[in-house]
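Novice: Sequence first, predicted coordinates after that:
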Amino acid sequence: MKITKPFLVLLVLLSAFVSFAQSGKKLDKIIKRDYQIIECTVLKMSDKTVEYSLPGETVQISLDVSQIAKIDFASGRSQTFDVSPNTSSADQSTNIASAEMKRNTIAVLPIPYVNADNQQGSEDMAKFAQNDLYNKLLDKSSNIFPLTVQDLRTTNSLLHKAGIDHNNIDETPIEDLEKILGVDNIVAAKVSYTIGTGTTATTYNSGNAKVSDNNKKVTTNDISTTTANNQTYYYYTVYFDMYRNTDKIYSQTRKPLLAVKDGWMDSISYLLKRSPIYVKK
């Protein structure tokens, strides 16, 4: 059978169109509780796991539902996941030890400080970040009036009694946290980062010049030295949320301009000053 040239051209175009359609396929999005987003194709779901595959791969990956906050399907449908799917909201409420409610009081939650590459958190840095934000609120107490800041020891003591720390703070509903802490305002933040390295070269030139007796001839002896410096860069993403009576009143994300070790601290200050509780004076 002889294939004509126009038919061959049509076949090539059809093949290219099919390939383009496949590559342009919309993907599902899994939003994890650590704010990581996975673009994939969800293959199977159960009460305990979600199985998916990455674009261009056939390997099935299993993810525990306790790590998932939400799935946005390519069809447009969304599904959220409860922290404790086997426990009803009524049962959870009865298990929560409620502190005496203190009106117009804001509590600073522990701030997860997580390496986005390996999902490892630092307890020391989580405490340092929480303390930094707490001190910023105290220093600006006149700017957040009539709110008062709950003592950090009280906050952490109540959370400790409830079995909550920087590792599982994101998994606890805000309404439960307000009951545990006895406050009607909460500020919650998270610091996620990756580390990069680079090398910079610095060249130093030195030398001397000699002028001859007739002031015409000049001889030089130049020395050039190049030094290589290894530098570490920190790329941060700061998540900043505020709640009042369980309602989220402020939610912002910011990446520091400079990739320096303490760059996240400037972002915390920036977001705090632009929050609805802050009043310029």
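Specialist: Sure thing, it's come through.

Novice: What ranges does the stretch 1-150 of the chain have for its strands?
Specialist: Remark: strands assigned in the stretch 1-150 of the chain by DSSP state E, counting those that start in this stretch are 28-32, 37-45, 49-53, 61-64, 68-72, 78-80, 102-108, 113-115, 120-121, 148-149.

Novice: Return the list of strands paired to the last one, each annotated with direction.
Specialist: For strand 148-149, sheet partners with direction are given as strand 102-108 (parallel), following DSSP bridges.

Novice: re the thing from before, turn the strands of the stretch 1-150 of the chain into a markdown table, including mean neighbour count, distance to residue 183 and mean pLDDT.
Specialist: Backbone N, C-alpha and C define where each C-beta goes, glycine included. Shown next, in a markdown table, are the strands of the stretch 1-150 of the chain (neighbours: other CB atoms under 10 Å; distance: least, CB to CB, whole Å; pLDDT from 0 to 100):
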| stretch | mean neighbour count | distance to residue 183 | mean pLDDT |
| --- | --- | --- | --- |
| strand 28-32 | 18 | 27 | 91 |
| strand 37-45 | 15 | 31 | 91 |
| strand 49-53 | 18 | 34 | 92 |
| strand 61-64 | 13 | 31 | 90 |
| strand 68-72 | 17 | 23 | 90 |
| strand 78-80 | 11 | 25 | 85 |
| strand 102-108 | 19 | 4 | 95 |
| strand 113-115 | 20 | 23 | 94 |
| strand 120-121 | 14 | 24 | 88 |
| strand 148-149 | 20 | 10 | 96 |
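
Novice: Mind checking those strands for the one nearest to residue 245?
Specialist: Closest to residue 245 of these, according to CB to CB: strand 102-108, at 10.1 Å.

Novice: in the stretch 51-200 of the chain, which ranges drop under the pLDDT threshold?
Specialist: Low-confidence regions of the stretch 51-200 of the chain, defined by pLDDT under 70, span residues 82-96, 200.

Novice: and if we set it to 90?
Specialist: Low-confidence segments of the stretch 51-200 of the chain (pLDDT under 90): 56-59, 62, 64-67, 69-70, 74-100, 117-121, 166-168, 170-172, 197-200.

Novice: Check what contacts stretch 257-266 and list those residues.
Specialist: 129, 132, 191, 193, 196, 232-236, 238, 256 (CB atoms under 8 Å, 6 or more residues apart in numbering).

Novice: CA atoms only for that stretch - export them in PDB, please.
Specialist: Extracted in PDB, the C-alpha atoms of stretch 257-266 (Å, rounded to 0.1, in the frame of the first residue of the first chain):
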ATOM      1  CA  LEU A 257      14.800  39.900  49.700                       C
ATOM      2  CA  LEU A 258      18.200  38.800  51.000                       C
ATOM      3  CA  ALA A 259      19.200  35.100  51.200                       C
ATOM      4  CA  VAL A 260      21.000  35.600  54.600                       C
ATOM      5  CA  LYS A 261      20.700  33.400  57.600                       C
ATOM      6  CA  ASP A 262      18.500  35.600  59.700                       C
ATOM      7  CA  GLY A 263      16.500  37.000  56.800                       C
ATOM      8  CA  TRP A 264      13.200  35.400  58.100                       C
ATOM      9  CA  MET A 265      13.200  37.800  61.000                       C
ATOM     10  CA  ASP A 266      12.800  40.900  58.800                       C
END
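
Novice: And the average pLDDT for it is what?
Specialist: The average pLDDT within stretch 257-266 is 92.

Novice: For that stretch, list every residue counted as buried.
Specialist: 259, 263-266 (16 or more other CB atoms under 10 Å).

Novice: Next step: these restricted to helices.
Specialist: Using DSSP state H, the subset of these located in helices is 263-266.

Novice: Now render the residues you listed as a markdown table, adding distance to residue 115.
Specialist: A markdown table is the format used below for those (distance: CB to CB, whole Å):
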| residue | distance to residue 115 |
| --- | --- |
| 263 | 15 |
| 264 | 13 |
| 265 | 17 |
| 266 | 20 |
